[in-house]
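Student: no FASTA, just this:
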């Protein structure tokens, strides 16, 4: 039905946080779609052993809402599979980390349309894809529909996965903006 082969991902650089960032450092990767649209994947490393995966089209890099913009390529499946596949690369180098996706809501500026934050479309797609592509042997899967976030807690590093889940959920609520205003 769908081509589940991710696009080829290249490491670009390791980046330090700038003023206002809450992460320790960030690994930056890139990939190109079949139409040659360049995407950036950011793997942001937080103090509590969580790597948060984010992505955006490189052409939107200077936009404040770059994570919410749609490309109109109508190929979200393969793009999201590529972003999820970064976990297999990261777990080789960082085997004790947990992984998270905070699904940005879609915003269409010209049409003055903005999706609700909770249980948004990207989040619902993440839920299906992550569940299918990341097994449950090494990771406990948690979803937070109220903030459209998906968490993979590393069972080997955090045997009390429920405690880690609550710690990360609290962190999300403290550092990410889940308000309805743009």
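Tutor: Structure received. The model shown is predicted, which means the values in this text are computed figures rather than measured ones.

Student: can you pull out the helices in this structure?
Tutor: 76-93, 121-133, 161-175 (DSSP state H).

Student: worst mean pLDDT among these?
Tutor: Looking at those, the lowest mean pLDDT belongs to helix 121-133 (a mean of 81).

Student: so what angle separates the directions of that one and helix 76-93?
Tutor: 60 degrees (axes from the mean of the first three to the mean of the last three CA atoms, to 10 degrees).

Student: let me see the backbone angles for residue 24.
Tutor: phi -80, psi -50 (degrees, to the nearest 10).

Student: which stretch among the helices of the chain comes nearest residue 103?
Tutor: Closest to residue 103 of the helices of the chain is helix 121-133 (CB to CB; 3.7 Å). For the C-beta atoms, the positions are set from N, CA and C on the backbone; glycine is no exception.

Student: which residues touch the closest one?
Tutor: 4, 76-77, 80-81, 84-85, 101, 103-106, 115, 141, 143, 145, 148-150, 152 (CB atoms under 8 Å, 6 or more residues apart in numbering).

Student: mind listing which of the residues you listed are in strands?
Tutor: When DSSP state E is applied, these are split such that 101, 141, 143, 149-150, 152 fall in strands.

Student: would CSV of those with pLDDT be doable?
Tutor: As requested, the ones in strands among the contacts of helix 121-133 are exported to CSV (pLDDT from 0 to 100):
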residue, pLDDT
101, 88
141, 94
143, 89
149, 86
150, 88
152, 95
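
Student: now tabulate those in JSON lines and tack on distance to residue 173 and neighbour count.
Tutor: Shown next, in JSON lines, are the ones in strands among the contacts of helix 121-133 (distance: CB to CB, whole Å; neighbours: other CB atoms under 10 Å):
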{"residue": "101", "distance to residue 173": "16", "neighbour count": "24"}
{"residue": "141", "distance to residue 173": "19", "neighbour count": "16"}
{"residue": "143", "distance to residue 173": "15", "neighbour count": "17"}
{"residue": "149", "distance to residue 173": "10", "neighbour count": "22"}
{"residue": "150", "distance to residue 173": "15", "neighbour count": "24"}
{"residue": "152", "distance to residue 173": "18", "neighbour count": "25"}
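
Student: what is the nearest of those to residue 54?
Tutor: Distances from residue 54 to the ones in strands among the contacts of helix 121-133, taken by CB to CB, are shortest for residue 101, at 8.1 Å.

Student: tell me the contacts of that closest one?
Tutor: Per CB under 8 Å, 6+ apart, neighbours of residue 101: 52-53, 83-84, 126, 130, 149-150.

Student: just send these back as a markdown table, with distance to residue 165 too.
Tutor: A markdown table is the format used below for the contacts of residue 101 (distance: CB to CB, whole Å):
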| residue | distance to residue 165 |
| --- | --- |
| 52 | 15 |
| 53 | 17 |
| 83 | 22 |
| 84 | 19 |
| 126 | 16 |
| 130 | 15 |
| 149 | 11 |
| 150 | 11 |
